[in-house]
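# got a sequence here, can you build the structure:
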Amino acid sequence: MRLLLRVFLFFFLLAGAPPSGIAAGVNMVVDPKTINNIKTHLSVLTEDIGERSVTIPRNLIKTQMYIESFYRKIGVSVDSETYPYRNRSVANIVAEIAFNENPKKRYLLGAHYDSVSGTVGADDNASAIAVQLEVARRLSRIKEPDAPDVAVQFVSFALEEPPVYGTRFMGSRVYARKAKKRLQRIDGMICLEMVGYTCHEAGCQAYPFPLSLMNYPKEGNFIGVVGNFSSRRLTRKIWESFQKNRSLPVIKLTVPFSSWLLPSVRLSDHASFWDQGYRAVMITDTAFYRNPHYHLQSDRLDTLDLTFMAELVDSLTDFFTSSQ
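Numbers count the residues shown, from 1 in each chain. Predicted coordinates for the structure are as follows:
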């Protein structure tokens, strides 16, 4: 019992005090084009293509082709790293925007593009792919002398959902293992996991224990930044940067022991990078702690908050362009 109390105390100290008041910053004006672009991505992924589960390989290929064609359209080189899964091949899609040969920071912005069987996965995880692509579009437009001293690699992971989740065939596990083997430098991996759903009724936002005992917001209008102890500086750096955008409330959480004591926080691609020793965070709308459509057929485009997603594009772009 004494050990358990110490663990929870350690957890509370890492989590920090719940947010209060309004962070200093400015209300960013969202570009309507960004909202329209996000809607286009979501429409293609969830309506034109539809379910993107491992049980429908042709739709995974269609999604891969769409993402690849987008990067070529904005003038960014893209490569697909294939790997075997059962009797077929799947692919992690990799693009990179680097403003010089030896950047001060190298980040990876990742998101899985598959959906769970039986759903078109608008929030899970087409929302993340849409935000990922629009951040790439923004960065691709930056020219000298305003170019930041960073490189951002964009990786869209093939498989994350069951029955592949937790196996060696997860796209992020495949990529993270290879990255570690080839000594790839990643100063911070940022995982986008369900970033499009908001709710505004008191009590619509839930939390896992012991966070449910703390004074966190009861409305689901914020974005969460979650990291493990080794990634605490990255977590804080992103959180501080995001606070400049008052239009997108943000809270942060640092979990001990890479969240083995809070398994629900490991349920995405960031954990693959934690397990390889990389600094990584998950950016999320908190998934099933907020979104009642999680893994259901009702997880559709018309349930999402496109302005919320566009605000996240703004905050991420600002983080990358001002990162030191």
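
# just for the stretch 101-250 of the chain, where's the confidence low?
Judged by pLDDT under 70, the stretch 101-250 of the chain has no weakly predicted residues.

# can you pull out the strands in it?
All strands of the stretch 101-250 of the chain, identified by DSSP state E, counting those that start in this stretch, fall at 105-112, 150-157, 188-193, 223-228, 250-255.

# could I get those strands as TSV with distance to D31?
Heads up, the C-betas are built off the backbone N, CA and C, glycines and all. Below are the strands of the stretch 101-250 of the chain laid out as TSV (distance: least, CB to CB, whole Å):
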stretch	distance to D31
strand 105-112	19
strand 150-157	19
strand 188-193	19
strand 223-228	18
strand 250-255	20
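
# TSV for those, including distance to T321 and mean neighbour count?
As requested, the strands of the stretch 101-250 of the chain are exported to TSV (distance: least, CB to CB, whole Å; neighbours: other CB atoms under 10 Å):
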stretch	distance to T321	mean neighbour count
strand 105-112	11	24
strand 150-157	8	24
strand 188-193	14	26
strand 223-228	18	26
strand 250-255	17	22
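
# closest to L213 out of these?
Comparing those by their distance to L213 (CB to CB), the top pick is strand 250-255, with 13.7 Å.

# compute the inter-axis angle for the closest one and strand 223-228.
Orientation check (axes from the mean of the first three to the mean of the last three CA atoms, to 10 degrees): strand 250-255 against strand 223-228 gives 20 degrees.

# G121: which of the strands of the stretch 101-250 of the chain is closest?
Among these, strand 105-112 comes nearest to G121, with 9.5 Å by CB to CB.

# quick one: the helices in the stretch 101-250 of the chain?
For the stretch 101-250 of the chain, the helices defined by DSSP state H, counting those that start in this stretch cover 127-140, 171-181, 232-242.

# tell me which of those lies nearest to F70.
Closest approach to F70 among the helices of the stretch 101-250 of the chain is made by helix 127-140 (5.5 Å; CB to CB).

# which residues touch that closest one?
By CB atoms under 8 Å, 6 or more residues apart in numbering, the surrounding residues in contact with helix 127-140 are 34, 37-38, 41-42, 45, 67, 70-71, 74-76, 95, 97, 109-113, 152, 154, 156, 192-197, 285, 304, 309-310, 312-313, 316-317, 320-321.

# buried sites along that helix?
By 16 or more other CB atoms under 10 Å, the buried positions in helix 127-140 come out as 127-139.

# of those residues, closest to N228?
Minimum distance to N228 across those is 19.7 Å, recorded for A128 (CB to CB).

# list the neighbours of the strand of greatest length in the chain that are in contact with it.
If you go by DSSP state E, the chain has its longest strand at strand 88-98. When contacts are defined by CB under 8 Å, 6+ apart, strand 88-98 is touched by residues 54, 57, 60, 64, 67-68, 71, 76-83, 113, 136, 139-140, 150-159, 171, 174-175.

# middle-most residue in the chain, spatially?
L192 (0.6 Å; CA atoms, centre = their mean).

# pretty sure that residue contacts L108?
No: counting by CB atoms under 8 Å, L192 stays clear of L108, with 11.0 Å between them.

# just grab the bridge partners of V250 for me.
Beta-bridge partners of V250, counted by DSSP bridges, are I223.

# please identify the buried residues of stretch 293-303?
293-295, 299-301.

# actually stretch 165-173, not the one I typed
In terms of neighbour count (16+ other CB under 10 Å), stretch 165-173 has its buried residues at 165, 169-173.

# check stretch 307-324 too.
Those would be 307-321, 323, for stretch 307-324 by 16+ other CB under 10 Å.

# among these, name the ones in helices.
Among the buried residues of stretch 307-324, DSSP state H puts 307-321 in helices.

# show me what contacts the nearest residue to C204 once chain neighbours are set aside?
What sits nearest to C204 in space, not counting adjacent residues and going by CB to CB, 6 or more residues apart in numbering, is G220, at 5.4 Å. Contact analysis of G220 by CB under 8 Å, 6+ apart lists 197-200, 204-205, 285-286, 290.

# between those residues, which has the most around it?
D285 (29 neighbours; other CB atoms under 10 Å).

# got the contact list for that one?
Applying CB under 8 Å, 6+ apart, we find D285 in contact with 123, 127, 194-198, 220, 223-224, 291, 308.

# one more: F308?
Here F308 is in contact with 195-196, 198, 221, 223, 248, 285 (CB under 8 Å, 6+ apart).

# could you check how far D318 is from I97?
Using CB to CB, to the nearest Å, D318 is found at 15 Å from I97.

# identify, from the contacts of G220, the entry nearest to L267.
Using CB to CB, T286 comes nearest to L267 of these, at 11.1 Å.

# list the residues that contact the residue nearest to the closest one when sequence neighbours are not counted.
Distances taken as CB to CB, 6+ apart place G224 nearest to T286, at 5.5 Å, with adjacent residues excluded. G224 is in contact with 250-253, 282-286, counting by CB under 8 Å, 6+ apart.
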